[in-house]
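>>> following is a predicted model, sequence given first.
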Amino acid sequence: MIKLTEYVRIHALTVAMFSVCILLHYPSVFYITYAVMLLHELAHCAAAVCIGLKVEYIAFYPFGVNLRLKNKIVRSLADEVILYISGPALNALIALCAAFICKRYNYEIFRMFYISNIMLFLMNMLPAIPLDGGIILRRILIDFLGYRRAYGVMRCVSAVISFGLAAMGAYVFVKSGFNFSLLLFASLIMGNMFTQSEKYDVDFVRGMMFGKRKNRRRVCHILADEDSTPREIASRFSARRYNVVYLTDSDGKITKTLTETEVINHLMDNNITI
């Protein structure tokens with residue numbers, strides 16, 4: 001991976017692909033597709049910043065653009081939906097604008113923009129992991145069914161969609177003789193079902209922190225910076241709930257967990273009054 005700037009990285013194969021396309025005067029649809037994917041990820045980036053997440057970098061891979069976040073734990077369901085719906089929503093908006101301009105002026109470049117954006121919108125809104133639509137659906141199911149049941153449902157839904165796309169891809173490949181894009185798309189979903197192995201699962205950690213909907217009123221969860229004073233933390237306590245504090249570093253990662261009792265004891269040991 002080549003580091004262009006602090007927030008932009010590009011894969012060596014991507015550089016080779018762009019170089020070949022420039023030398024061979026490849027159709028502009030290739031560049032438009034990458035531009036559309038970049039706009040999609042920039043929308044996610046803007047949404048992440050708005051809800052308090054920190055961006056690590058945006059990477060250009062041979063078959064797509066990917067946003068990497070430093071911290072991924074989002075407590076609010078609304079914030080989670082905003083984070084993942086922002087990309088497809090921007091694609092839908094650009095597609096509408098491109099369709100309007102194309103209808104009036106009939107420019108070929110706007111027609112390609114319309115097709116690319118509408119295709120990316122439709123693909124990302126499929127309710128399968130790791131697509132945006134699948135992540136949104138999984139988050140909603142976790143909110144109501146819990147972690148284990150939600151993951152069971154999403155595995156089944158993703159499997160059905162991936163096998164359906166594989167069947168459609170095989171048909172398109174046979175009919176066209178060369179178009180295997182749907183097969184690659186189906187393999188992405190299938191592969192994710194069996195190869196997803198992060199050091200810790202964000203949804204599982206969040207489930208342990210925030211619990212199910214019916215239990216949320218019992219505990220108040222507080223995110224605070226490492227350099228926050230006990231007084232600043234205690235001032236955010238809820239009198240009707242048990243308070244749990246998560247200390248985060250400059251990258252937004254949780255480094256330590258404190259109970260309400262530990263914070264109060266620290267205040268008393270230092271004779272601090274609020």
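It's in. Numbering: from 1, shown residues only.
>>> only C-alpha atoms for contact and neighbour calcs from this point on.
Will do.
>>> just the element for the residue lying closest to residue 114 once chain neighbours are set aside, please.
If the residues on either side of it in the chain are set aside, residue 114 comes closest to residue 95, at 4.5 Å by CA to CA, 6 or more residues apart in numbering. Assigning secondary structure by DSSP states H and E places residue 95 in helix 77-105.
>>> hmm, back to that, tell me the spacing between the residue nearest to residue 114 and residue 164.
Residue 95 sits 26 Å away from residue 164, going by CA to CA, to the nearest Å.
>>> of the two, who's got more company?
Counting neighbours by other CA atoms under 10 Å for residue 95 and for residue 164 shows that residue 95 has the greater number, 23 against 12.
>>> among the helices and strands of this structure, which has the poorest mean pLDDT?
Across the helices and strands of the chain, mean pLDDT, DSSP states H and E gives its lowest value to helix 202-210, namely a mean of 55.
>>> list the contacts of residue 161.
Residue 161 sits next to residue 128 when contact means CA atoms under 8 Å, 6 or more residues apart in numbering.
>>> next: the one 5 residues further on.
Neighbour list for residue 166: 182-183, 186-187 [criterion: CA under 8 Å, 6+ apart].
>>> what residue spans form the domains of this structure?
The record, using automatic domain parsing to delimit domains, assigns the chain the ranges 1-125, 134-211, 212-269.
>>> show the end-to-end separation of the first one, please.
End-to-end distance of domain 1-125 (CA to CA): 29 Å.
>>> run the chain-centre distance for it.
Domain 1-125 sits 12 Å away from the centroid of its parent chain (CA atoms, centre = their mean, to the nearest Å).
>>> now swap in stretch 242-260 and tell me
So, by CA atoms, centre = their mean, the centroid of stretch 242-260 is 23 Å from its chain's centroid.
>>> ends of that stretch, what's the gap?
In stretch 242-260, first residue to last residue: 7 Å (CA to CA).
>>> mind listing residues that contact that stretch?
Stretch 242-260 has contacts (CA under 8 Å, 6+ apart) with 53-54, 70-71, 218-226, 233, 237.
>>> repeat the analysis, applying 10 Å as the threshold.
Applying CA atoms under 10 Å, 6 or more residues apart in numbering, the contact partners of stretch 242-260 are 52-56, 69-73, 209, 217-228, 233-234, 236-237, 261-263.
>>> show me which of the residues you listed are buried.
Among these, the ones that count as buried by 16 or more other CA atoms under 10 Å are 53-56, 69, 71-73, 209, 219-222, 224-225, 233-234, 237, 263.
>>> contacting residues around the residue positioned nearest the centre of the chain?
By CA atoms, centre = their mean, the mean C-alpha position of the chain lies nearest to residue 84, the distance being 5.3 Å. Applying CA under 10 Å, 6+ apart to residue 84 gives the contacts 41, 43-45, 47-48, 124-125, 131-136.
>>> buried ones only from those residues, please, as a ChimeraX command.
A single ChimeraX command suffices to select whichever of the contacts of residue 84 are buried according to 16+ other CA under 10 Å:
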select :41,43,44,45,47,48,124,125,131,132,133,134,135,136
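>>> quick one: the contacts of residue 84 as JSON lines, columns for distance to residue 15 and secondary structure too.
Below are those laid out as JSON lines (distance: CA to CA, whole Å; DSSP: H, G, I helix; E, B strand; the rest coil):
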{"residue": "41", "distance to residue 15": "19", "secondary structure": "helix"}
{"residue": "43", "distance to residue 15": "24", "secondary structure": "helix"}
{"residue": "44", "distance to residue 15": "24", "secondary structure": "helix"}
{"residue": "45", "distance to residue 15": "23", "secondary structure": "helix"}
{"residue": "47", "distance to residue 15": "28", "secondary structure": "helix"}
{"residue": "48", "distance to residue 15": "27", "secondary structure": "helix"}
{"residue": "124", "distance to residue 15": "25", "secondary structure": "helix"}
{"residue": "125", "distance to residue 15": "29", "secondary structure": "coil"}
{"residue": "131", "distance to residue 15": "25", "secondary structure": "coil"}
{"residue": "132", "distance to residue 15": "27", "secondary structure": "helix"}
{"residue": "133", "distance to residue 15": "30", "secondary structure": "helix"}
{"residue": "134", "distance to residue 15": "30", "secondary structure": "helix"}
{"residue": "135", "distance to residue 15": "30", "secondary structure": "helix"}
{"residue": "136", "distance to residue 15": "32", "secondary structure": "helix"}
